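>>> missing the sequence, but the structure's below:
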């Protein structure tokens, strides 16, 4: 086998192993390539629609709420919050192409007047208007966000996280549910409600 063929085989093996290293199903990693991780710190993996709906139910979202989705991707959670629950929504996403896609999706869903999407770092956004915050981030990101969430949210505001909890912050509720993409996979959702205590601000 010549040197060119050897290099080609090595490259193919690396591509096949990449989904396993990232902890993603192979098909998912192919649909949402790892090159995105250079900007986001993690590959873009959208929340399944039925999981997004359960997150909003768990957060008891209503027309009185303002839902902030940190790392909003294609905007599906914010758009669903507006279309199915009557809430207002704000998505924060660092990837400009995903922000543009989310805005198109909002227009197509007929809720562009109730939602907005901002490109930027989720640590820089002001959360003081939020009543519900949704997350699908790596555990270290959740942990880093905790002081900001406790500082900027008000008593009674809710936080719902898909798959990952927040270290040393016991959740008020957890829900496990099946995944529609992989029959053997279980999704876990975590809910926190900001207590009526001055030390949360």
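Structure's in. What do you need? Note that the structure is a prediction, hence the values are computed from the model and not measured. Numbering: from 1, shown residues only.
>>> hang on, isn't residue 139 packed against residue 167?
Yes: Residue 139 is in contact with residue 167 according to C-beta atoms under 8 Å; the separation is 7.3 Å. To be clear about C-beta, it is placed using only N, CA and C from the backbone, and glycine gets the same treatment.
>>> Could you check which of the two is surrounded by more residues?
Neighbours per residue, other C-beta atoms under 10 Å: of residue 139 and residue 167, the larger number sits with residue 139, 13 against 10.
>>> Quick check: closest non-adjacent residue to the more buried one.
residue 164 (4.6 Å; C-beta to C-beta, 6 or more residues apart in numbering).
>>> Regarding residue 56, which helix or strand does it belong to?
Using DSSP states H and E, residue 56 falls within helix 49-58.
>>> Whichever helix or strand comes after that helix packs against which elements?
Next along the chain after helix 49-58, taking DSSP H and E as the criterion, comes strand 66-70. Using 3 or more C-beta pairs under 8 Å, 6 or more residues apart in numbering; DSSP states H and E, the elements in contact with strand 66-70 are helix 76-85, strand 88-93, strand 132-135.
>>> the inter-axis angle of the second one versus strand 66-70?
If I follow you right, that is strand 88-93. Computed by axes from the mean of the first three to the mean of the last three C-alpha atoms, to 10 degrees, the angle separating strand 88-93 from strand 66-70 equals 10 degrees.
>>> The longest one too?
Interaxial angle of helix 76-85 relative to strand 66-70 (the same axes, to 10 degrees): 160 degrees.
>>> Can you name every helix or strand that helix 76-85 contacts?
In this structure, helix 76-85 packs against helix 49-58, strand 66-70, strand 88-93, helix 96-109, strand 115-119, with contacts taken as 3+ C-beta pairs under 8 Å, 6+ apart.
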